[in-house]
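>>> no sequence for this one, just the structure:
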């Protein structure tokens with residue numbers, strides 16, 4: 001009998017490609033582009049941008065959050081949802097590490113925004129609505145994406161952090177109960193049901209679809225995208241290099257067209273999933289490209305970029321015309337570049353001075369606690 005050798009013989013299991021590596025640098029780089037897209041949207045909607053060239057994609061930049069959500073589902077399942085990681089899944093440790101990842105910077109900026117808004121009130125500058133105690137409590141407990149408040153005041157973009165924590169909680173509970181047994185069927189049903197629920201609720205709130213709510217049930221917005229990200233990760237186990245190249249080319253081509261529509265919606269989601277799948281499978285060769293180290297670093301600080309950009313953009317757009325007499329002489333495109341460079345500098349500082357040290361300290365504290373608990377059990 002003639003021996004059949006698959007293209008992946010000796011590398012993977014049977015006819016399937018080799019497993020993805022634990023480190024996927026291109027996915028980290030994608031986080032930077034998602035953060036920049038959200039910034040471009042806020043610049044476009046607050047200040048204005050030329051309706052030409054690359055800036056045409058700014059109008060749909062709010063969908064950068066949904067790119068984050070799909071990416072989150074892919075990465076979280078990649079790290080925690082498979083094999084030994086799922087079998088040994090520890091829910092408290094998982095949630096603590098998620099908390100350590102997002103909460104310290106969120107809390108610092110919550111305080112900064114609180115002081116900022118109180119200062120505006122003291123200066124007699126009125127807002128669209130008054131800051132309430134409910135706003136503060138909702139933001140402190142990260143429930144501001146569950147229609148708890150009447151809008152977004154305290155670092156408005158943090159509604160998506162609240163949504164992420166909702167997805168983490170549900171994912172952690174599912175893996176705690178089922179381990180790695182949840183496969184294609186479950187996640188496909190989860191995608192369909194959460195998409196229907198999210199769409200119905202969004203329509204009831206006056207939106208065209210579930211990719212629009214923020215404070216008003218934004219927590220539902222993440223669920224279909226997160227499930228889609230998990231499905232993309234499952235699909236990645238069956239896609240080889242050539243397939244990934246084809247999927248990546250088609251996804252980039254599709255995105256280059258759809259992103260230019262300010263009303264772009266559901267059509268973006270499969271393109272996001274395809275882009276992420278291809279980037280993960282091609283992370284080996286693409287990760288060695290010149291300049292990838294810079295993009296990976298920008299991706300690492302992208303959470304800081306996302307969290308600080310609205311405050312800096314607000315201060316720049318309001319103080320700039322008052323401080324610099326030549327402000328109006330500078331083209332809008334140059335203003336966008338200037339303020340984004342400022343945002344990147346602030347992001348780097350907040351990442352190295354707040355986000356990373358706080359995360360490491362919290363994780364070390366948890367590890368010491370677990371070690372101490374283990375020692376205590378061993379001596380009883």
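Looks like it arrived, so ask away. Bear in mind the structure is a predicted one, so any value in this text is a computation, not a measurement. Numbers count the residues shown, from 1 in each chain.

>>> List the residues that contact residue 228.
Going by C-beta atoms under 8 Å, 6 or more residues apart in numbering, residue 228 touches 70, 73, 191, 269, 270, 272, 273. Placement of C-beta: from N, CA and C, glycine included.

>>> Pull out the buried residues from stretch 270-285.
Buried residues in stretch 270-285, counting neighbours by 16 or more other C-beta atoms under 10 Å, are found at 271-284.

>>> brain fart, stretch 230-239
Those would be 230, 231, 232, 233, 234, 235, 236, 239, for stretch 230-239 by 16+ other C-beta under 10 Å.

>>> what secondary structure does residue 152 sit in?
coil (DSSP: H, G, I helix; E, B strand; the rest coil).

>>> what element comes up after the longest helix along the chain heading to the C-terminus?
Counting residues, the longest helix in the chain under DSSP state H turns out to be helix 91-122. Elements were assigned by DSSP states H and E; along the chain past helix 91-122, the next helix or strand is helix 133-140.

>>> Identify the residue spatially nearest to the residue sitting nearest the centre point of the chain, adjacent ones excluded.
Residue closest to the mean C-alpha point of the chain, counted by C-alpha atoms, centre = their mean, is residue 68 at 3.0 Å. With C-beta to C-beta, 6 or more residues apart in numbering as the criterion, residue 68 has its nearest non-adjacent residue at 5.2 Å, and that residue is residue 34.

>>> Tally up the residues packed near that neighbour, please.
24 (other C-beta atoms under 10 Å).

>>> how near is it to residue 67?
4 Å (C-beta to C-beta, to the nearest Å).

>>> go on, residue 179?
The separation that residue 179 has from residue 67, given C-beta to C-beta, amounts to 29 Å.

>>> of the two, who's got more company?
Legend: neighbour count by other C-beta under 10 Å for residue 179 and residue 67, higher for residue 67 (26 against 16).

>>> can you tell me how far the residue nearest to the centre of the chain sits from residue 367?
For residue 68, the distance to residue 367 - C-beta to C-beta - is 27 Å.

>>> isn't residue 248 right up against residue 275?
Yes - using C-beta atoms under 8 Å, residue 248 is in contact with residue 275, at 6.6 Å.

>>> So, low pLDDT: which residues of this structure?
1-15, 374-380 (pLDDT under 70).

>>> Please, where are all the strands along this protein?
In the chain, no strands are found when defined by DSSP state E.

>>> do you know how far the nearest residue to residue 251 once chain neighbours are set aside is from residue 98?
Nearest residue to residue 251, sequence neighbours excluded (C-beta to C-beta, 6+ apart): residue 274, at 3.5 Å. Distance of residue 274 to residue 98, given as C-beta to C-beta: 26 Å.

>>> ok, now residue 317?
33 Å.

>>> So which of those two has more stuff around it?
Neighbours were tallied for residue 317 and for residue 98 using other C-beta under 10 Å; the higher tally belongs to residue 98 (19 against 16).

>>> Let me know the closest of the contacts of residue 228 to residue 54.
residue 272 (18.8 Å; C-beta to C-beta).

>>> For that closest one, give its distance to residue 132.
Counting by C-beta to C-beta - residue 272 and residue 132 are separated by 35 Å.

>>> Ok, residue 82 next?
In terms of C-beta to C-beta, residue 82 sits 43 Å off from residue 132.

>>> So which of those two has more stuff around it?
residue 82 (18 against 13).

>>> just checking, the more buried one touches residue 180?
Yes - Residue 82 is within contact range of residue 180, at 5.6 Å (criterion: C-beta under 8 Å).

>>> all helices in the stretch 201-350 of the chain, in order from the N-terminus.
218-236, 241-258, 268-281, 283-286, 292-300, 302-323, 332-350 (DSSP state H, counting those that start in this stretch).

>>> Residue 158 - how many residues pack around it?
25.

>>> Nearest residue to it in space, please, no chain neighbours.
Nearest to residue 158 is residue 106, by C-beta to C-beta, 6+ apart, at 5.5 Å.

>>> residues near the one you found, how many?
Neighbours of residue 106 (other C-beta under 10 Å): 23.

>>> residues touching it, list them.
Contacts of residue 106 by C-beta under 8 Å, 6+ apart are 142, 155, 158, 161, 307.
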